[in-house]
Each structure stands twice: as structure tokens, then as C-alpha cells.
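**Q** here's a sequence, model it:
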Amino acid sequence: MSMCTTDEFYTISDLRKKTILCSDGLKFGRVVDIVFDSVMNLHSFIIGGTRWEEFREALGIIDDFDPVLPIGLIQEITDKEIIINAKKEDLKHKLQVGVFPEKSFSYSSLKRKKIFDEQKRRIGKIANLLFVPCGEPAFIIGGNWFEEAGEKIGFKENTDLLLPMAYIKKIDDEGIKLNIQLENLKVTLDNKPLDSESQRHYLNSIHNKKDMQMRILERRKVEEFRDFSRFY
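**A** Numbering: from 1, shown residues only. Below is the predicted model of the structure:
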């Protein structure tokens, strides 16, 4: 399941800045994690409280009763808000039995997993998550392992990989396994990584899930990849 369409792509860091707006006008919380089902479809957002509340939950001082927002309840995503078709009291919380599908994965847990190509060669870890205009998610793969992998296929350091969910074959305790070999990673037509401006143009052009392809990206500025998983 994808989210509602938007005019431009945004990262998980952009999403975290938005406040949840309920159908009764109440504003509460922000996204602190994302849950995928067993076949990597979007399932729900986990909504956290203030940083102080999240910190106390991480220390075990208070129970972690974060509300769970199913993707299907999202009506619109604006510059400042995630507008939902529900009241806060309608939402279940993450500790309730059956709130998540069997064998689901959270983004925070996926970030800790190693990524391997079809030949079981390690190529990196998840550096970020973004959503293109059609509402589909894609991972950004980076780290020292991917820089080394990039050198093997003819690219220098400071490159990342845009990885659509369609290239993930399996996820288990060993890591994330892709259905493609390292040598077959797709690049741009002129065989160069997409620079920052080209990345923005390409990502904003994806209005259909089938148009999203794997691409080698020139690494963006560090501040654009700050992530929200500080409490996980």
C-alpha cells in the first residue's frame, strides 16, 4: 500500500517535522517510526510524543503506548501536517496484540540490517527513506560498504544507491537480500551518478510506481540525511 500522492518527494526527516491533525481538529504527536508488512508494503506510522516523553519511554520510566496510524487513514500530507480521517482515541497503540501484521518490519529495525546482493556480497546499509510523488517509498543505501561496492562497478566514493522496494528479495535475521547482482546496479543514461539537482528532478518526476528504477546517486549534504531514529 502506498500513501497519498504529493507534488514533490520528501524524506523521512521531512515527514517527522509534520504534526498529526485529527478529524476533530486535535493536533498531536509526530512520526517516530514506520512499519512495513512482510512483503514491504507500507502498513502504518508509529506516532510519538514530545522528545522528553520519548526519552523517558526509552529509559523504561513510562510505558511505550505510542499510537499506531494505519496508512489508509491518511487523507492528505501538507507542508506542516499529516491530516487523518480519525480521532486520536480511535487509534490503537503499539503494545496491543495484533496491531501489526505477522512478520512486519519497522524502519528502525531495518536500518540495523546489512544489505547483500544476489551473490551474497555485502553492499551497504540503509541511510535514509524517501517517498516519491506517487506515494511509494524507496531506500537510500550508503555507508563505507557501498562506497567500496561503487568502486567495483566504476564509481568513486561519495555515492549512494536509490533502492525501490521491488529489488528486495528477502529479509531475515542475516540481513536484507536483493534480487540483483552488484554489477547490474542501474545508473543514468550517461553512466554518471545523479547530481543533487538531477536527483530532485528525477525523484519529482515519478508519478507511477512502475517508473521508479534503481539509480546511483551523488551523495547529498550530510544535513539532508539526518534521521529520526535517535530513540531506537
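**Q** Ile74 and Asp37, how far apart?
**A** Look at Ile74 and Asp37: by C-beta to C-beta, to the nearest Å, they are 16 Å apart. For the C-beta atoms, the positions are set from N, CA and C on the backbone; glycine is no exception.
**Q** who's more crowded, the two?
**A** Neighbours around Ile74 and Asp37, counted as other C-beta atoms under 10 Å, are more numerous at Ile74. The numbers are 20 against 16.
**Q** show the backbone phi and psi for the more buried one.
**A** Note on Ile74: its backbone torsions stand at phi -80, psi 120 [degrees, to the nearest 10].
**Q** so what sits opposite it in the bridge?
**A** The partner list for Ile74 in beta bridges (DSSP bridges) reads Ile84.
**Q** that one against Ile84, yeah?
**A** Yes - counting by C-beta atoms under 8 Å, Ile74 touches Ile84, with 5.7 Å between them.
**Q** next up, the contacts around Phe116.
**A** Going by C-beta atoms under 8 Å, 6 or more residues apart in numbering, Phe116 touches 122-123, 174-178.
**Q** before we move on, what about Leu110?
**A** The contact partners of Leu110, by C-beta under 8 Å, 6+ apart, come to 36, 126, 171, 176.
**Q** what do you get if the cut-off is 7 Å, keeping everything else the same?
**A** Contact partners of Leu110, counting by C-beta atoms under 7 Å, 6 or more residues apart in numbering, are 126, 176.
**Q** pLDDT score for it?
**A** On the pLDDT scale, Leu110 is placed at 96.
**Q** for it, what are phi and psi?
**A** Its backbone dihedrals place Leu110 at phi -70, psi -30, with angles given as degrees, to the nearest 10.
**Q** separation between it and Gly25?
**A** Using C-beta to C-beta, Leu110 is found at 34 Å from Gly25.
**Q** over to Val35?
**A** Relative to Gly25, and taking C-beta to C-beta, Val35 is found at 26 Å.
**Q** ok, Glu147 next?
**A** Counting by C-beta to C-beta, the gap from Glu147 to Gly25 is 48 Å.
**Q** for Leu217, same thing?
**A** Distance of Leu217 to Gly25, given as C-beta to C-beta: 40 Å.
**Q** which one of these two has more residues nearby?
**A** Between Leu217 and Gly25, Leu217 has the larger neighbour count (other C-beta under 10 Å), namely 23 against 7.
**Q** where's the more buried one, which helix or strand?
**A** strand 215-218 (DSSP states H and E).
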